[in-house]
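Asks: One predicted model, sequence on top.
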Amino acid sequence: MFRLKFLMTATLNCIVVHPNFSVRQVVKNVLEAFGWTTNLEGSLSGALEKIRSLDGFELICLSLRFDKKMVSSWIETAKSTMKGRYSVYSALASKEDRSSPNFEIFVRKHFDIDISENITKDSFGSIERKIRTIVNQKQTERAIDDIRRQLSRIINAVDLMSQSALRNTLAKSDLNWRFLESIHYTVANSPPQVKYSYIDLIKNELITRARPLEEDENPPVQSPKPKVHFLVKKF
């Protein structure tokens, strides 16, 4: 399933992508002072490989010293990957970058936030909570999308477990039981928006699967076992 980091105090992962080693090191030292785990990379291709191969980064700090067209293309590619889709993208901007007439338009189009290359503990401390808030929003989006992708499996697991319960053969070692327990644990420890979306998605899926009676069709006197049995568990 999915593992999410919603706590404002959780240790989060960041990759700093900048061609200058000294700048990378300064950003690393500041972020680690706030508890971030930081990975450094000097090239766009190397950073993309790390995003694809490692566990993922909640924050991606990308230098604007790279060619702007390359930056645009790189971000588009990174966001097309599952591990880069829900990251927060921050521009690492120099004074020269900020003096560019199209700076604000470019940053708004491609990034969630921007950080100065001359970052200090004070300057990062003033925006760190905002970054964590955006991380939480991205993680919420990820959770809801993941539930949507798993929806058919969730409904089918509930159905199979319910049928096993009717036959008195339900066991907690059952794979469907363990799968639903993992779903419940994640949703129970998620923000309210994820819980509401979880219930709405299941409700809408059940409504979609339900077959209304035709006008000339009478309900059976003795209904067969339903194909879907809804299991409710309090969060």
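Replies: The structure has been received and is ready for your questions.

Asks: and the helix or strand hosting S164, what does it pack onto?
Replies: Assessed by DSSP states H and E, S164 sits inside helix 128-166. Packing partners of helix 128-166 (3 or more CB pairs under 8 Å, 6 or more residues apart in numbering; DSSP states H and E): strand 88-93, strand 113-116, helix 175-188, helix 192-209. For every residue, glycine as well, the C-beta is placed using N, CA and C.

Asks: Go through the ones you listed and name the closest to M70.
Replies: strand 88-93 (13.8 Å; CB to CB).

Asks: how's the protein carved up into domains?
Replies: Domain ranges of the chain: 13-126, 141-209, per automatic domain parsing.

Asks: which residues touch V17?
Replies: E41, G42, S43, L44, A47, I60, C61, L62, S63, L92 (CB atoms under 8 Å, 6 or more residues apart in numbering).

Asks: repeat that with 7 Å
Replies: Residues near V17 by CB atoms under 7 Å, 6 or more residues apart in numbering: E41, L44, A47, C61, L62, S63.

Asks: List the ones among those residues that fall in helices.
Replies: L44, A47 (DSSP state H).

Asks: which among the contacts of V17 gets closest to T169?
Replies: Of all the contacts of V17, T169 sits closest to A47, with 50.9 Å by CB to CB.

Asks: Columns distance to K79 on top of the helices and strands packed on helix 128-166, output as CSV?
Replies: Conversion of those to CSV gives the following (distance: least, CB to CB, whole Å):
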stretch, distance to K79
strand 88-93, 8
strand 113-116, 15
helix 175-188, 23
helix 192-209, 21
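
Asks: Please tell me how far Y86 sits from I60.
Replies: Between Y86 and I60 the distance is 11 Å, computed by CB to CB, to the nearest Å.

Asks: higher neighbour count, these two?
Replies: For Y86 and I60, the more surrounded residue by other CB atoms under 10 Å is I60, and the numbers stand at 27 against 21.

Asks: Let me know the pLDDT of that one.
Replies: Note for I60: predicted pLDDT of 97.

Asks: wait, what's in contact with it?
Replies: I60 neighbours (CB under 7 Å, 6+ apart): I15, S87, Y89, S90.

Asks: at 10 Å what do you get?
Replies: Neighbouring residues of I60 by CB atoms under 10 Å, 6 or more residues apart in numbering: 13-17, 39, 41, 47, 50-51, 74-75, 78-79, 84, 87-90, 111-112.

Asks: Among these, name the ones in strands.
Replies: The strands, defined by DSSP state E, take in N13, C14, I15, V16, V17, N39, E41, V88, Y89, S90 from the contacts of I60.

Asks: Name all residues that make contact with the third one.
Replies: By CB under 10 Å, 6+ apart, the contact list for I15 reads 37-41, 46-47, 50-51, 54, 56-62, 87.

Asks: cutoff 6 Å now
Replies: N39, F57, I60 (CB atoms under 6 Å, 6 or more residues apart in numbering).

Asks: ok, back up a step: and the helix holding S164, average pLDDT?
Replies: Helix 128-166 comes out at a mean pLDDT of 83.

Asks: Determine which of the domains of the chain approaches R132 most closely.
Replies: Across the domains of the chain, closest to R132 is domain 13-126 (CB to CB), at 8.6 Å.
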